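**Student:** Let me see the structure of the following:
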Amino acid sequence: MGVIVGAMALFVVLSVFTGLKNFSLSFTSDVDPDLKASSTLGKSFFIVPQQEAEISRIAGVASYSKVIEERVLFTFNGKQEVTYLKGIDSTFNTVSSFNKKIYNGQWLKPDTYQVVVGYGIAQKFSMGLLDYNNAFEVFVPKPGKGNIENPSQAFNKTDVFPVGIYAISEDLDSKYVFSDLGLAQELLEYKTNQISSIEIKLKKDADESAVVQKLQTIFKNKITVKNKEQLNESLYKMLNTENIAVYLIFTLVIVVALFNLIGALIMMILDKKGNLKTLFNLGTDIKDLRNIFLLQGTLLSVFGGIIGLLFGVVIVLLQQQYELIMITPTLAYPVVFNLENVLIVMVTIITLGFIASLIASSRVSKKLLD
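**Tutor:** Below you'll find the predicted structure:
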């Protein structure tokens, strides 16, 4: 019973954590590009038509978008906020799904002064859409060297018009203000072929490493290419660390349960001491006598693990199908059934069960029988 409950608990918790991990990553995976290429040196780089044509010809690339990102100052109705201005071209919506996360209003139109802001930014500014009474201004420091003699001439500035508000997660909702690529280039005094990064969407069967290699060849190894995991490195590290911690904690529960198995086997050895002595006197080796209890303990672990897994699978599938346990009235506890968790539980149970049985069976000795 201890092995059954331990295996069931470990499988259910791993399934729940896998569901929570996928749920957490869904906020970024839906909007992050499959690959993002940025300059290794400096904030921007140049892309020529020939390079764009070569990118389009890469076998695994479904679409790509040219992007400019820069931290700038926004002001509205006496309030100020420094956040990212993200200039995007007309193909951006084929790479990312930000346009599907619109909470209010609509997505911006190309070659206009329209912008789309995050829900968090709109809250900080107490901003509505198409408010022509209050100017939404963007200030960008002018490039150059030396001291600033006239602060009023130190910035490129313009009025922009919020036409949409997106809502994804607390961090992302306070991070970006989307504008047209040409407007961002104008404010930053970039040339028409000067950008911050290229965001790429891959085909389903694409070889990621091969695409990265071709991109490096096109740009002569002067760019850094990151995938979704590398773009959210700290988030992935945190989730993986938590996953390991949860696994170790519930493995400890199984270890405690297996102490009962060790105790039960030792009591059985003592109870069957007379029978063991008879077998020993008939010529059975000590090693063979130990193997009897080693096999029995291992079988208890295997069958206990299988039964516990069956109970765990039933619980997980019921939660997936019928949403029995809820986090909020509208959000069920996310669980994911996968074979990886089944293998992890079985390997853990069998390995620890074998070690526990080996410890208990070692009590059988010539001294005990004498």
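
**Student:** contact partners of stretch 290-300?
**Tutor:** 3, 261-262, 265, 268-269, 350, 353-354, 356-358, 360-362, 364 (Cβ atoms under 8 Å, 6 or more residues apart in numbering). C-betas here are computed from N, CA, C, even on glycine.

**Student:** actually stretch 16-29, sorry about that
**Tutor:** 168-169, 172, 228, 231-232, 235-236, 239, 242-243, 246, 333-336, 338, 341.

**Student:** what about burial for these, which qualify?
**Tutor:** 168-169, 172, 231-232, 235-236, 239, 246, 333-336, 341 (16 or more other Cβ atoms under 10 Å).

**Student:** Out of those residues, the closest to Asp288 would be?
**Tutor:** Asn341 (36.9 Å; Cβ to Cβ).

**Student:** For that closest one, which non-adjacent residue is closest in space?
**Tutor:** Leaving aside its sequence neighbours, Asn341 sits nearest to Leu14 (Cβ to Cβ, 6 or more residues apart in numbering; 4.4 Å).

**Student:** ok, now which ones touch that neighbour?
**Tutor:** So Leu14 contacts Asn243, Val246, Tyr247, Phe250, Asn341, Ile344, Val345 (Cβ under 8 Å, 6+ apart).

**Student:** Which secondary structure state is assigned to it?
**Tutor:** Under DSSP: H, G, I helix; E, B strand; the rest coil, Leu14 falls in the helix class.

**Student:** separation between it and Leu235?
**Tutor:** 19 Å (Cβ to Cβ, to the nearest Å).

**Student:** Ok, Leu258 next?
**Tutor:** 35 Å.

**Student:** likewise Leu317?
**Tutor:** Leu317 is 28 Å from Leu235, by Cβ to Cβ.

**Student:** Over to Tyr113?
**Tutor:** 34 Å.

**Student:** Ala59 contacts Ala206, doesn't it?
**Tutor:** Yes - using Cβ atoms under 8 Å, Ala59 is in contact with Ala206, at 7.4 Å.

**Student:** Neighbour count for the two, which is higher?
**Tutor:** Neighbour count, other Cβ atoms under 10 Å: between Ala59 and Ala206, Ala206 has more, with 18 against 11.

**Student:** and the more buried one, which of the three is it?
**Tutor:** coil.

**Student:** Ramachandran angles for the closest residue in space to it that isn't next to it in sequence?
**Tutor:** Spatially, and ignoring its direct neighbours in sequence, Ala206 is nearest to Gly60 (2.8 Å; Cβ to Cβ, 6+ apart). With angles defined as degrees, to the nearest 10, Gly60 sits at phi -90, psi 0.

**Student:** One more: Phe136?
**Tutor:** Dihedral angles for Phe136 - degrees, to the nearest 10 - are phi -100, psi 100.

**Student:** what's the neighbour count on it?
**Tutor:** So Phe136, with other Cβ under 10 Å, has 20 neighbours.

**Student:** Dig out what the spatially closest residue to it that is not a sequence neighbour forms beta bridges with.
**Tutor:** Counting by Cβ to Cβ, 6+ apart, Phe136 lies nearest to Phe76, which is 4.9 Å off, once chain neighbours are set aside. Beta-bridge pairing for Phe76 (DSSP bridges): Lys79, Phe136.

**Student:** Name all residues that make contact with Phe76.
**Tutor:** So Phe76 contacts Phe125, Met127, Asn134, Ala135, Phe136, Glu137 (Cβ under 8 Å, 6+ apart).

**Student:** What's the PyMOL line that selects buried ones from those residues?
**Tutor:** The buried subset of the contacts of Phe76, as determined by 16+ other Cβ under 10 Å, is captured in PyMOL by this line:
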select buried, resi 125+127+136
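
**Student:** Need the contacts of Phe76 in a markdown table (columns: pLDDT and distance to Ser44).
**Tutor:** Formatted as a markdown table, the contacts of Phe76 follow (pLDDT from 0 to 100; distance: Cβ to Cβ, whole Å):
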| residue | pLDDT | distance to Ser44 |
| --- | --- | --- |
| Phe125 | 95 | 28 |
| Met127 | 92 | 29 |
| Asn134 | 89 | 32 |
| Ala135 | 91 | 28 |
| Phe136 | 95 | 25 |
| Glu137 | 95 | 23 |
